[in-house]
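> just need the structure, nothing else, for what follows:
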Amino acid sequence: MPEFVAPQLCRLVDEPPVGSVWVHEIKFDGYRMQLRVANGKAVLRTRKALDWTQRFPEIAHEAQSLPDCIIDGEICALDEHGVPNFGELQQALSDGATGNLIFFAFDLLFGGDEDLRNLPLEDRKSRLLELLARARAPHFRYVEHFATSGEKFLETACRAHLEGIISKRLDAPYRPGRGDLWTKEKCRGGQEVVIGGWWGSPTKLRSILIGAYDGDEFVYRGRIGTGFNSENSGPLLRALNRIKQPKSPFTAGIKPPRTKEINWVAPKLVAEVEYATLTRDGVLRQACFKALREDKSAKAVVLELPMPVQDAQARSETESRETGRSNTVRTKSASPATPSVAGVNISNPDKVLWPAVGKTRALNKLDLARYYEAIGPRMLPHIAGRPLSMVRSPEGIAGERFFQRHVLSGVAHVMPIRVKGDAKPFHAISDINGLIALAQAAVVEIHPWACRPGEPEIPELLIFDLDPDTELPFARVVEAAKQMRDVLMSCGMNAFAKTTGGKGIHVVTPITGPVKRPPGWDDAREFAREAAERLAQMAPDRYVTNMAKRHRAGKIFIDFFRNARMATAVAPWSTRARPGATIATPLSWTQFRSTLDPSTYNLAEIGKVLKLTDPWQDLAESAVSLEDARRKLRSL
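Modelled structure (predicted):
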């Protein structure tokens, strides 16, 4: 196993390539890094083979537990929105606060002494996923790829404020240097530049003068006066003062400005910038400073212009043929291709999420994805556009579980949604692709807010969670649900119900209010409390609204706390992280019989679930005024 492998680089193109051989990944805004693990020793090297192991002690320490390998990836810092942020990465390195950095792994070059570089990307990533799945390495994340429309994937990435996407041929080997087997497409113009001077004084920075190399010529590319702040301007000024020189370093291009306030420097510092357009003279317009780059040499910085994607695709065909491999993805008989569900690639499809129980077979990630594809039209009206809390079980429900609500990094088809009081956006979805992407991420439970789509501060449902003492039969819960329904109906409301996938039942009722003053969360919770207490008063020997365990023996707890802001309940039709893969199933009131066994609705018997008539299809149209219902409740 070599000490270092020269990295494969991307070709910048004007739009994503198309075709079945192309898959797409998120483009990360961090430091490209190669990890080598041998005999328990981990080394992290930059794209120029600089040893940066000491800069990332937590990642290096965690990597020591991995088997011998060489992994290609990118180290990133995630900002408050869950988006990779290069400035925050630099700040973390400056402060020595690297504990939250993430190594995003996207390729496996060596597995022990086995050289994997001549294998297709499809095989290399499959092995990488298996390697990381066996490891307990929270600082490492596998980078998913998606066999979907590159154009739509780029649009999704840009909406999520990501840098762009990387497109790769699924059938191609790993080849060092810049070629056409990998392409990159950016949301906004991005460019590395070399600083040739600054406008200001030794203690004041107004703007920087930047350039790039064209052969031996250092070409002027413009002036940048935005992107500086109290955190980055001081270190930048100190670095510039150390390399001052009396003459302009620019040797070509249009002439830079010349005033007494211009300070020239040796062209050594590399900066990353963003820009809107490029003039015919090659000057960057509306450019913004992002950060200094320590991993790239000034002489290697050239102006990168996008190539027409058709040219890159044509050349990639030639590159692929020269490797002696087919330019089509191999068939299942040769090596099983990654299955796709509704256009979403399901990697590691045989990963068992629910172990076999009794006569029920083990259920895997592909089973979950196909179920969500089938149930999506029923499920989406109740979860799309709402903030989601999710239970992820990457190692199956017997392994470690993660309860997450913010945007899942590396997951496609996400619609980030802002929630007042939380700096990070919540994960939300808008379509079937987003739902199946959750299955791809091993999300085994989905818990939406009970709010209006796109309006997290306005509740649209009241939820009463009937939670029985463990000794009570399910027939008692069915009886309680019908009594809760009767209380709501006496208030003029329409009640619906679903099993929870466990021993409980959720009774829900849709609510509305005036356009200018819709109900708020305090209104919802207060009404739910009053209605729950009304039922408890009717039969205090059977029901309780106090959550303390000592009050619940032999009784059913009517949990109205689900109606508080940021509280959630399992979504209708969602699977549960329980043995047997039970499903939270909406049923009609006539189906809630004393003999009902909720465990019969499960992922292994989805035919039975799909045969059900959807009893919640008219739920949204059944909403009534919460204020009217409150008046009726208080008059009972």
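> for the chain, which segments count as helices?
Ranges of helices within the chain are 57-63, 86-95, 121-134, 150-159, 233-241, 309-322, 365-383, 432-440, 474-490, 521-538, 606-610, 626-635, based on DSSP state H.
> low-confidence regions, the stretch 301-450 of the chain specifically.
Confidence mapping of the stretch 301-450 of the chain against pLDDT under 70 gives the ranges 318-337.
> okay, the helices of the chain, which one's buried deepest?
With neighbours defined as mean count of other C-beta atoms under 10 Å, these peak in mean count at helix 432-440, which reaches a mean of 25. (Each C-beta comes from the backbone N, C-alpha and C, glycine too.)
> packing partners of it?
Using 3 or more C-beta pairs under 8 Å, 6 or more residues apart in numbering; DSSP states H and E, the elements in contact with helix 432-440 are strand 344-345, helix 365-383.
> and the gap between Gln299 and Lys482?
Not quite, residue 299 is Lys, not Gln. Distance from Lys299 to Lys482, counting by C-beta to C-beta, to the nearest Å: 78 Å.
> go on, Gln90?
61 Å.
> ok, Leu89 next?
With distances taken as C-beta to C-beta, Leu89 is found 57 Å from Lys482.
> name the helix or strand of the protein that has the lowest mean pLDDT.
helix 309-322 (a mean of 72; mean pLDDT, DSSP states H and E).
> can I get the helices and strands packed on helix 432-440 in TSV with distance to Lys247?
Formatted as TSV, the helices and strands packed on helix 432-440 follow (distance: least, C-beta to C-beta, whole Å):
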stretch	distance to Lys247
strand 344-345	55
helix 365-383	62
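> Lys549 is nearest to which of these?
Evaluated with C-beta to C-beta, the helices and strands packed on helix 432-440 place helix 365-383 nearest to Lys549, the distance being 30.8 Å.
> and the closest one, how far from the chain's centre?
Chain-centre distance of helix 365-383: 18 Å, with C-alpha atoms, centre = their mean, to the nearest Å.
> for Gly99, which non-adjacent residue is closest in space?
The shortest distance from Gly99 to any non-neighbouring residue, by C-beta to C-beta, 6 or more residues apart in numbering, is to Glu58 (5.2 Å).
> that neighbour touches Phe140, doesn't it?
No: between Glu58 and Phe140 there is no contact under C-beta atoms under 8 Å: 10.9 Å.
> between the two, what contacts are shared?
Listed contacts common to Glu58 and Phe140 are nil; contacts here mean C-beta atoms under 8 Å, 6 or more residues apart in numbering.
> if we can go back for a sec, for Met489, which of the helices and strands packed on helix 432-440 is the nearest?
Closest of the helices and strands packed on helix 432-440 to Met489 is helix 365-383, at 21.4 Å (criterion: C-beta to C-beta).
> export the closest one as CSV, just CAs?
What follows is helix 365-383 as a C-alpha-only set of coordinates in CSV (Å, rounded to 0.1, in the frame of the first residue of the first chain):
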residue,chain,number,x,y,z
LYS,A,365,-33.3,-0.9,3.5
LEU,A,366,-34.7,-1.8,0.0
ASP,A,367,-37.9,-3.1,1.6
LEU,A,368,-38.3,0.2,3.4
ALA,A,369,-37.7,2.3,0.3
ARG,A,370,-40.2,0.3,-1.8
TYR,A,371,-42.8,0.5,1.0
TYR,A,372,-42.4,4.3,1.1
GLU,A,373,-42.7,4.5,-2.7
ALA,A,374,-46.0,2.6,-2.5
ILE,A,375,-47.4,4.4,0.6
GLY,A,376,-46.0,7.9,-0.4
PRO,A,377,-49.3,9.3,-1.9
ARG,A,378,-51.1,8.6,1.3
MET,A,379,-48.3,9.6,3.7
LEU,A,380,-47.0,12.8,2.0
PRO,A,381,-50.1,15.0,2.7
HIS,A,382,-49.4,14.6,6.4
ILE,A,383,-45.7,15.2,6.4
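> now that helix against helix 432-440, angle please.
Angle, helix 365-383 to helix 432-440, by axes from the mean of the first three to the mean of the last three C-alpha atoms, to 10 degrees: 130 degrees.
> and helix 365-383, what does it pack against?
Applying 3+ C-beta pairs under 8 Å, 6+ apart, we find helix 365-383 packed against strand 340-341, strand 352-354, helix 432-440, strand 443-448, helix 606-610.
> dump these to JSON lines, plus distance to Ala38.
Shown next, in JSON lines, are the helices and strands packed on helix 365-383 (distance: least, C-beta to C-beta, whole Å):
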{"stretch": "strand 340-341", "distance to Ala38": "36"}
{"stretch": "strand 352-354", "distance to Ala38": "31"}
{"stretch": "helix 432-440", "distance to Ala38": "32"}
{"stretch": "strand 443-448", "distance to Ala38": "35"}
{"stretch": "helix 606-610", "distance to Ala38": "46"}
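> if we can go back for a sec, for the residue nearest to Gly99, give me the pLDDT.
Listed pLDDT for Glu58 reads 95.
> hey, which strand is longest across the chain?
Secondary structure assigned by DSSP state E gives strand 189-201 as the longest strand of the chain.
> quick one, domains of the protein?
Per automatic domain parsing, the structural domains of the chain span 10-179, 189-300, 457-572+616-636.
> adding distance to Ala342, write those domains out as TSV.
Shown next, in TSV, are the domains of the chain (distance: least, C-beta to C-beta, whole Å):
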stretch	distance to Ala342
domain 10-179	9
domain 189-300	32
domain 457-572+616-636	18
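> give the buried residues for stretch 187-200.
For stretch 187-200, a neighbour-count test (16 or more other C-beta atoms under 10 Å) marks 187, 189-200 as buried.
> and the least confident of those?
Out of the buried residues of stretch 187-200, that is Gly189, at 74.
> from Phe496, how far off is that one?
Distance from Gly189 to Phe496, counting by C-beta to C-beta: 51 Å.
> now swap in Ala160 and tell me
Ala160 is 34 Å from Phe496, by C-beta to C-beta.
> show me the strands in the stretch 201-350 of the chain, by range?
Remark: strands assigned in the stretch 201-350 of the chain by DSSP state E, counting those that start in this stretch are 204-214, 217-224, 262-264, 270-275, 277-278, 284-285, 288-293, 340-341, 344-345.
> so which of those comes closest to Gln34?
strand 288-293 (16.8 Å).
> which other helices and strands contact the closest one?
Contacts defined by 3+ C-beta pairs under 8 Å, 6+ apart place strand 288-293 against helix 86-95, helix 233-241, strand 270-275.
> now the ones you listed in CSV, with mean pLDDT and distance to Glu74?
Putting those into CSV (pLDDT from 0 to 100; distance: least, C-beta to C-beta, whole Å) gives the following:
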stretch, mean pLDDT, distance to Glu74
helix 86-95, 87, 10
helix 233-241, 91, 23
strand 270-275, 89, 14
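> turn these into JSON lines, including distance to Gly150.
Listed next are the helices and strands packed on strand 288-293 as JSON lines, based on distance: least, C-beta to C-beta, whole Å:
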{"stretch": "helix 86-95", "distance to Gly150": "24"}
{"stretch": "helix 233-241", "distance to Gly150": "36"}
{"stretch": "strand 270-275", "distance to Gly150": "21"}
